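Here's my sequence, what's the structure:
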Amino acid sequence: MARAAHRAWSTLTEDLDAAVRRDPATHSRLEMALATPGLHALWAHRLSHALWRRGGRGRLAARLFSQAVRSATGVEIHPGAQIGARFFIDHGMGVVIGETAEVGDDVMLYHGVTLGGRSMDPVKRHPTVRDGAVLGAGARVLGPVVIGAGAQVGANAVVVKDVPDGAVATGVPARIRRPAPEQDPTEALYNEPALWI
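I've put the predicted structure just below:
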C-alpha cells in the first residue's frame, strides 16, 4: 500500500512540475496545483482510468466521475483513453479526448483540442499522439491517425492523416511539412513552409 501511495504521489508531482515548466503565467507550484483546470482534469483522469481498467461496475463509476470532472473543468477525457507522463493541457476549456486515444509522454495540448473519432465501430477509432507532440488551440485530430513524436499541429488545423515525426501540420484540411533543418520547429508554425510533404 505504501509503495502504491508513493507511486501515485510521484506521478502527481511529476505532472505538477511538468505543468509549471510549460506555463510561463504561473508563479508557484501552489498556484498551479490550485488554479489549473487542465491539471485537475489530468489528475481526475488518472483515477477514472484506474477504475475503468477494473471493468464491470468500475467502468460505470469511471464514466460518471469523468462526467462530473467535465462539468467542473471543461475538459472531457474518456476514462478509457491512455495518457502518458508529464502531459499538460494549457487553459483546458473545450478539450475532448476519446476512448481509444493514446497520448505519449511530454505531450502538450492547448484549449479546444479534439482527439476524436470518425467511426461508430467499437475499434481503435481515435488518434495516437506520440511523445513530445504539441497540438495548438482548436486543433481537430480525427480518426485512428498518428501524430509523430515531436510533431506540431497548428491552431485550428483539421488532421485526418498521419503526421510524421518532427513535422508540422497546419490548415484545413491540414497540410504537412517538415521545417528546414535550421528552423526552430515552433517558428515553423508561423512561417511559410520550407518543404511540403
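
What ranges in the chain fall below the confidence cut-off?
The chain contains residues with pLDDT under 70 at 1, 183, 185-197.

Scan it for its longest helix.
Looking only at the chain and at elements set by DSSP state H, the helix with the highest residue count is helix 2-22.

Is E76 bridged to anything, and to what?
As for beta bridges, E76 partners with V96 under DSSP bridges.

ok so, going back, and the longest helix of the chain, what does it pack against?
Using 3 or more CB pairs under 8 Å, 6 or more residues apart in numbering; DSSP states H and E, the elements in contact with helix 2-22 are helix 29-35, helix 37-54, strand 88-89. Placement of C-beta: from N, CA and C, glycine included.

Ok, which of these comes nearest A61?
When the helices and strands packed on helix 2-22 are ranked by proximity to A61, the top entry is helix 37-54, at 5.2 Å, counting by CB to CB.

neighbouring contacts of that closest one?
Residues lying outside helix 37-54 but in contact with it, judged by CB atoms under 8 Å, 6 or more residues apart in numbering, are 11-12, 15-16, 19, 32-33, 58-59, 61-63, 65-66, 69-70, 72-75, 77, 79-83, 87-93, 95, 109.

hmm, 6 Å instead?
Contacts to helix 37-54, defined as CB atoms under 6 Å, 6 or more residues apart in numbering, come from residues 15, 19, 58-59, 61-62, 65-66, 69, 73, 75, 77, 79-80, 87, 89, 92.

Write a PyMOL command that selects only the buried members of the residues you listed.
Buried residues within the contacts of helix 37-54, by 16 or more other CB atoms under 10 Å, are selected in PyMOL with:
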select buried, resi 15+19+59+61+62+65+66+69+73+75+77+79+80+87+89+92
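
Let me see the contact set for the spatially most central residue of the chain.
Central residue of the chain (CA atoms, centre = their mean): L109, 4.9 Å from the mean position. Applying CB under 6 Å, 6+ apart, one finds that L109 lies in contact with 89, 95, 135.

what's the distance between it and P181?
Spatial separation of L109 from P181 under the definition CB to CB, to the nearest Å is 27 Å.

ditto for V158
28 Å.

These two: who's more crowded?
Under the criterion of other CB atoms under 10 Å, the comparison of V158 against P181 puts V158 first, with 16 against 6.

beta partners for the more buried one?
On the basis of DSSP bridges, V158 is bridged to R140.

circling back to that earlier point, pipe the contacts of L109 into TSV and attach distance to M120 per row.
What follows is the contacts of L109, written out as TSV (distance: CB to CB, whole Å):
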residue	distance to M120
I89	27
V95	22
L135	24
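
And the residues you listed, which is closest to P122?
Relative to P122, and with distances defined as CB to CB, the nearest of those is V95, at 23.1 Å.

Report the contact partners of that closest one.
V95 sits next to 75, 89, 109, 113 when contact means CB under 6 Å, 6+ apart.

nearest to S28, of the residues you listed?
Distances from S28 to the contacts of V95, taken by CB to CB, are shortest for I89, at 19.1 Å.
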